[in-house]
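Colleague: here are the coordinates; sequence isn't available:
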């Protein structure tokens with residue numbers, strides 16, 4: 001049976017029109033990823049002692065900041081596509097066409113989350129620890145947007161899971177050894193599905209981060225550090241497979257994003273070690289002093305009321321102590337005689 005039967009096809013169209021409204025596969029994947037991250041983060045935050053709804057409030061700050069940061073990073077590292085000769089600078093605003101740089105999203109998203117935490121009296125490090133694993137799931141879902149756009153794929157491959165890419169989406173420049181038909185591509189060429197590699201890697205990293213957190217009681221930002229290390233470890237080798245044109249395609253023999261992964265991995269590892277030495281374990285409180293939520297719930301009120309009633313009964317018994325009341329001695333003696 002021909003190997004071509006086992007290849008991964010690409011969507012013929014990444015946009016569906018519902019009346020006058022276009023539904024884009026790329027945007028849908030990003031939105032679903034954000035929803036998943038918020039849902040996972042909310043459950044983790046409540047488990048850490050936080051209040052339900054806090055993560056949704058923080059997302060109002062973090063998501064817009066993150067999207068803007070991701071777009072800025074992409075445009076800055078691939079500016080020639082938007083500001084080069086013959087290009088239209090306005091296309092830098094066309095976010096629906098794809099182009100989000102994860103590290104710009106994480107950086108400005110973290111800034112937005114910090115501002116939201118400050119406004120609500122939440123400690124920043126416990127919050128980012130709660131959010132970090134969900135980001136891996138969000139990225140795993142978001143990568144499927146590259147599949148819909150037929151972008152960011154890897155080198156040609158003969159593996160059974162090779163990705164089919166329409167020729168209209170092949171690189172057009174011939175300054176790269178794999179770019180364009182004239183540079184070596186042949187009809188029927190398939191490519192490494194790097195979107196799928198990163199999706200599977202992120203899901204595996206999600207499981208690993210959760211296990212490490214529970215096994216070693218990680219806190220004080222160390223869950224976020226493990227997330228960065230796990231993601232960059234995979235992103236480094238996956239990025240090395242890609243052949244899409246970027247502005248800084250070769251920096252000392254490596255792509256710019258590979259160097260970014262190396263630097264961030266080292267920085268996260270250093271932070272992890274320093275944090276573990278200074279603050280072992282997890283935080284006991286996730287809110288700043290004076291900003292704790294009101295914990296007075298009905299069940300707690302009943303317990304407090306029962307305790308107060310018990311205390312009143314104890315006081316009453318002390319007041320009626322036979323040792324302090326002669327008549328009480330007599331009543332006690334009579335009672336003993338009767339019982340005997």
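Modeller: Ah, there it is. Model, not experiment: these values are computed from the prediction.

Colleague: now do the phi/psi pair for the residue nearest to residue 169 when sequence neighbours are not counted.
Modeller: Closest residue in space to residue 169, ignoring its immediate chain neighbours: residue 150 at 4.0 Å, by C-beta to C-beta, 6 or more residues apart in numbering. Any C-beta I mention is one placed from the backbone N, CA and C, and that applies to glycine too. Backbone torsions for residue 150, taken as degrees, to the nearest 10, come to phi 50, psi 60.

Colleague: contacts only, for residue 150.
Modeller: Contacts for residue 150 (C-beta atoms under 8 Å, 6 or more residues apart in numbering) come out as 10-11, 14, 165-166, 169.

Colleague: which of the helices or strands spans the nearest residue to residue 152 once chain neighbours are set aside?
Modeller: Leaving aside its sequence neighbours, residue 152 sits nearest to residue 146 (C-beta to C-beta, 6+ apart; 4.5 Å). Following DSSP states H and E, one finds residue 146 within helix 144-149.

Colleague: which strands and helices sit next to that helix?
Modeller: If you count contacts as 3 or more C-beta pairs under 8 Å, 6 or more residues apart in numbering; DSSP states H and E, helix 144-149 packs onto helix 25-47, helix 194-216.

Colleague: do you know the pLDDT at the nearest residue to residue 63 once chain neighbours are set aside?
Modeller: Computed as C-beta to C-beta, 6+ apart, the closest residue to residue 63 that is not its neighbour in sequence is residue 34, at 6.0 Å. The predicted structure scores residue 34 at 96 on the pLDDT scale.

Colleague: quick check: residue 34 vs residue 264, distance?
Modeller: As judged by C-beta to C-beta, to the nearest Å, residue 34 and residue 264 stand 22 Å apart.

Colleague: related to what we said a few turns ago, reformat the helices and strands packed on helix 144-149 as a markdown table; add mean neighbour count and distance to residue 222.
Modeller: Output for these, formatted as a markdown table (neighbours: other C-beta atoms under 10 Å; distance: least, C-beta to C-beta, whole Å):
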| stretch | mean neighbour count | distance to residue 222 |
| --- | --- | --- |
| helix 25-47 | 19 | 14 |
| helix 194-216 | 18 | 8 |
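
Colleague: could those helices go into CSV alongside distance to residue 251?
Modeller: What follows is these, written out as CSV (distance: least, C-beta to C-beta, whole Å):
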stretch, distance to residue 251
helix 25-47, 28
helix 194-216, 20
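
Colleague: of the ones you listed, which approaches residue 83 most closely?
Modeller: helix 25-47 (22.3 Å; C-beta to C-beta).

Colleague: could you point out which element follows the closest one?
Modeller: helix 54-77.

Colleague: just the mean pLDDT for the helix holding residue 146, thanks.
Modeller: Per-residue scores along helix 144-149 average to 94.

Colleague: what are the contacting residues of that helix?
Modeller: For helix 144-149, contacts defined as C-beta under 8 Å, 6+ apart pick out 10-11, 14, 24-30, 97-98, 152-153, 193-196, 199.

Colleague: how about 7 Å then?
Modeller: 10-11, 14, 25-26, 29-30, 98, 152, 195, 199 (C-beta atoms under 7 Å, 6 or more residues apart in numbering).

Colleague: could you point out which element follows that helix?
Modeller: strand 163-164.

Colleague: so what does that next one touch, helix or strand wise?
Modeller: Taking 3 or more C-beta pairs under 7 Å, 6 or more residues apart in numbering; DSSP states H and E as contact, the helices and strands that strand 163-164 lies on are strand 190-191.

Colleague: which strands or helices does the strand it packs on pack on?
Modeller: With contacts taken as 3+ C-beta pairs under 7 Å, 6+ apart, strand 190-191 sits against strand 163-164.

Colleague: what distance separates the strand it packs on from the centre of its chain?
Modeller: How far strand 163-164 lies from its chain's middle: 28 Å, per C-alpha atoms, centre = their mean, to the nearest Å.

Colleague: give me the element the residue nearest in space to the middle of the chain is part of.
Modeller: With distances taken as C-alpha atoms, centre = their mean, the residue of the chain nearest its centroid is residue 135 (1.5 Å). Per DSSP H and E, residue 135 falls inside helix 124-142.

Colleague: contact partners of that helix?
Modeller: Helix 124-142 is contacted from outside by 29-30, 32-34, 36-37, 40-41, 44-45, 48, 58, 102, 110, 113-114, 117, 199, 202-203, 205-206, 209-210, 219-221, 223-224, 227, 231, 283, 286, using C-beta under 7 Å, 6+ apart.
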